[in-house]
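>>> here is a sequence with its predicted model. Questions after.
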There are 2 protein chains.
Amino acid sequence: MPNNQFKKGELYSFITGKASTAIARRLQKNFKLSGLDITIEQWSVLYHLWKEEGQSQQQLCDATFRDKPSITRLVDNLEKLKLVKRVPSKEDRRINLIYLTKEAIQLQERSMEVANQTLNEALNGVTNGQIEIAKEVLHTVYENLK
Amino acid sequence: MPNNQFKKGELYSFITGKASTAIARRLQKNFKLSGLDITIEQWSVLYHLWKEEGQSQQQLCDATFRDKPSITRLVDNLEKLKLVKRVPSKEDRRINLIYLTKEAIQLQERSMEVANQTLNEALNGVTNGQIEIAKEVLHTVYENLK
DNA sequence: TTGATGTAGTTGCATAAACAACTATATGCC
DNA sequence: GGCATATAGTTGTTTATGCAACTACATCAA
């Protein structure tokens, strides 16, 4: 597929990711309306810890597609909020394993509901078939560039 | 379409916009490799000014889907880089009209080439039909939430 | 004409990202 | 064992975002 030439008008919104910005803003707003006092970036870290606790910061980097300084500071802030704890690994003293506090565990259900609801708002009027194709395209883009 | 329920594994990447993050990073990297010393956010403002100079900051807010403080500061930085100039409107003294400098005009061709090339890297292996559907979905999402 | 309301832009503050440089620890090879 | 190299995490700096509060100017209506 060597020649995907884009007309200018089409190029811009693909590159700037207006849709994902819009989703992020709406999710943040919906968190706030639901009384959830976390940022979407913090939520994205918690999301992976809910799936599996005790991951290293490097594993969180890979999972969230962020660099190491970003995860250092997100974990800093999550620690200040008393949502996670750094626990030094006994096998490898370079590694911090990140564990959830009770408060963080309690956030899971409500925040996942808000996230699901936000996605339904976003995809209102889009068919499941279209969603499948969009997901494939976004996945391919990610694989092409990551 | 009231019931687009998502399986958890699918929810995350849609919300976090990993694909658009990947595109943004690659574009920034490609700018740098081509010796273009601007951020993608600055580029996104210039993009709209290349289409039409002399827009107000508010028009740039609408065009780039950013809030007013973001545009204020992007224009600040573009002015420091001597790529744009604020010109007070004569009809409405609240308004700044933003004009390009010669240097900015010269950036257009090269940067648009880099952007097009980046998008081709991103969409390698994706058919035009899939791209059309993905664009529709992203556009609907944007319209649903903006 | 003046007073209320709306709009354009700026500033302050907290959070986050990208990149480079750094420390500490682990690993692999001689 | 000891040195080179790789890996995990931190810190500093610049740029950008989101929100709230603010100033200046415009508009509309009594």
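Arrived safely, thanks for sending. Please read all numbers here as calculations on a predicted model, not as lab measurements.
>>> going forward, measure contacts and count neighbours with C-alpha atoms only.
Noted.
>>> quick one: name the residues of chain A near DNA strand C.
A:39-42, A:66-67, A:69-71, A:73-74, A:77, A:91-94 (C-alpha under 7 Å from any atom of the strand).
>>> out of those residues, which are buried?
The neighbour count (16 or more other C-alpha atoms under 10 Å in any protein chain shown) marks A:40-42, A:71, A:74 as buried among the residues of chain A next to DNA strand C.
>>> which two among these are spaced furthest apart?
Using C-alpha to C-alpha, the pair of these lying farthest apart is A:I40 and A:I71, separated by 13.5 Å.
>>> may I ask which helix or strand encompasses the residue most central in space within chain A?
Nearest to the mean C-alpha position of chain A, counting by C-alpha atoms, centre = their mean, stands A:S44 at 3.4 Å. According to DSSP states H and E, A:S44 maps onto helix A:40-51.
>>> any idea how far that helix is from the chain center?
6 Å (C-alpha atoms, centre = their mean, to the nearest Å).
>>> just to revisit the earlier point, in TSV: the buried ones among the residues of chain A next to DNA strand C, plus pLDDT and distance to chain B.
TSV is the format used below for these (pLDDT from 0 to 100; distance: C-alpha to the nearest C-alpha, whole Å):
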residue	pLDDT	distance to chain B
A:I40	96	8
A:E41	96	8
A:Q42	97	11
A:I71	97	15
A:L74	97	15
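>>> so which of those residues is the closest to A:K146?
Taking these together and measuring to A:K146 by C-alpha to C-alpha, the closest member is A:I71, at 17.5 Å.
>>> what does chain A have sitting close to DNA strand D?
A:21, A:24-25, A:28-29, A:56-59, A:68-69, A:71-73, A:94-97.
>>> which residues of chain A score low on pLDDT?
Filtered on pLDDT under 70, chain A yields the residue ranges A:1-10.
>>> swap the cut-off to 90 and go again
Scanning chain A for pLDDT under 90 picks out A:1-17, A:128, A:146.
>>> would you map the strands across it?
Ranges of strands in chain A, per DSSP state E, are A:55-56, A:84-88, A:96-100.
>>> what residues of the longest helix anywhere in chain A count as buried?
In chain A, with assignment by DSSP state H, the single longest helix is helix A:102-122. Of all the residues in helix A:102-122, those buried under the rule 16+ other C-alpha under 10 Å are A:104, A:107, A:111, A:114-122.
>>> now stretch A:16-34
A:16-24, A:26-31.
>>> try stretch A:125-141
Buried residues in stretch A:125-141 (16+ other C-alpha under 10 Å): A:126, A:131, A:133-135, A:137-138, A:140-141.
>>> with just CA atoms, put it into CSV.
Extracted C-alpha coordinates of stretch A:125-141, given in CSV (Å, rounded to 0.1, in the frame of the first residue of the first chain):
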residue,chain,number,x,y,z
GLY,A,125,-24.9,6.0,16.2
VAL,A,126,-22.0,3.9,15.2
THR,A,127,-22.6,0.3,14.2
ASN,A,128,-20.7,-2.6,15.7
GLY,A,129,-19.3,-3.4,12.3
GLN,A,130,-17.9,0.1,11.9
ILE,A,131,-16.4,-0.1,15.4
GLU,A,132,-14.7,-3.3,14.6
ILE,A,133,-13.1,-1.9,11.5
ALA,A,134,-12.1,1.3,13.3
LYS,A,135,-10.5,-0.8,16.0
GLU,A,136,-8.5,-2.8,13.4
VAL,A,137,-7.3,0.4,11.7
LEU,A,138,-6.2,2.0,15.0
HIS,A,139,-4.5,-1.2,16.0
THR,A,140,-2.6,-1.4,12.7
VAL,A,141,-1.6,2.2,13.1
